[in-house]
Structure formats: structure tokens, C-alpha cells
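# Everything below, folded, please.
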Amino acid sequence: MSITYVVVVAIITYVLGALTKLKWNKLPNKYIPIQNVIIAIISGLICYFTKIEINFLNSIVLCFVATMGAGGISDLVKVMKKDNISG
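Below is the predicted model:
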């Protein structure tokens with residue numbers, strides 16, 4: 001069942017990311033953590049109400065960790081690309 005969290009988070013992230021790009025082209029990077037929290041809450045609610053996870057708090061926490069981990073990996077990749085180009 002743990003892979004289901006990843007799928008739900010990925011779909012919600014893709015949808016919200018696409019909406020963000022359509023509505024706000026130049027959204028500052030400082031709002032990305034807020035977007036990640038919103039993604040975690042929406043994903044956690046979906047996982048709870050579709051009975052993927054029966055514990056509400058566990059559902060929210062797992063989706064929160066998944067979104068923050070994905071955001072951290074994304075930032076790491078950006079930093080590595082920046083260092084490789086300039087270094």
C-alpha cells in the first residue's frame with residue numbers, strides 16, 4: 001500500500017503544478033513549501049477517504065513526509081545542476 005501514497009502524491013503534485021503554471025507563471029520559490037503543505041493535506045485526505053489508510057493522522061503525516069522529501073530531492077537536483085554548470 002505504501003506505493004499508493006506515492007502515486008496519489010504524484011498525481012496531486014502534477015495537477016497543482018500544472019494549475020500553478022497556468023495561473024501564476026512567475027510564482028516565487030518562497031511559496032513552494034506552502035504549495036507542498038497543501039499537496040500533503042489534499043493527498044492525505046484522499047488517502048484517508050479512499051480507505052488507503054484507516055488512520056487520519058497517519059495518512060496526513062505520510063503524505064506530508066512524501067511531499068517534503070520530493071521537494072528536497074528536487075532542490076538537491078537543482079543545486080547539483082547549478083554546481084556542475086558553474087564548476
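
# Flag the shaky bits of the protein, pLDDT-wise.
The model of the chain has pLDDT under 70 over residues 1-3, 74-76, 83, 85-87.

# Let's see that with 90 instead.
Low-confidence segments of the chain, defined by pLDDT under 90, span residues 1-40, 43, 47, 50-54, 59, 62-87.

# Centre-most residue in it?
Per CA atoms, centre = their mean, the C-alpha nearest to the average position across the chain is that of residue 67, at 3.4 Å.

# ok, it to residue 77 distance?
16 Å (CB to CB, to the nearest Å). C-beta here means a position set from N, CA and C on the backbone, and glycine is covered the same way.

# what's the answer for residue 23, then?
Taken as CB to CB, the span from residue 23 to residue 77 is 25 Å.

# helices and strands around the helix ranked longest in the chain, which ones?
Using DSSP state H to assign secondary structure, the helix with the most residues in the chain is helix 56-86. Packed against helix 56-86, as judged by 3 or more CB pairs under 8 Å, 6 or more residues apart in numbering; DSSP states H and E, are the following elements: helix 2-23, helix 32-49.

# just the angle between the shortest one and helix 2-23, please?
Put plainly, it is helix 32-49. 130 degrees (axes from the mean of the first three to the mean of the last three CA atoms, to 10 degrees).

# quick one: helix 32-49 to helix 56-86, angle?
140 degrees.

# ditto for the first one
Helix 2-23 and helix 56-86 meet at an angle of 60 degrees, taking the same axes, to 10 degrees as the criterion.

# Now do helix 2-23: everything it contacts.
By CB atoms under 8 Å, 6 or more residues apart in numbering, the surrounding residues in contact with helix 2-23 are 27, 35, 38-40, 42-43, 46-47, 52-53, 62-63, 66-67, 70.

# try 7 Å this time
27, 35, 39, 42-43, 46-47, 52, 62-63, 66-67, 70 (CB atoms under 7 Å, 6 or more residues apart in numbering).
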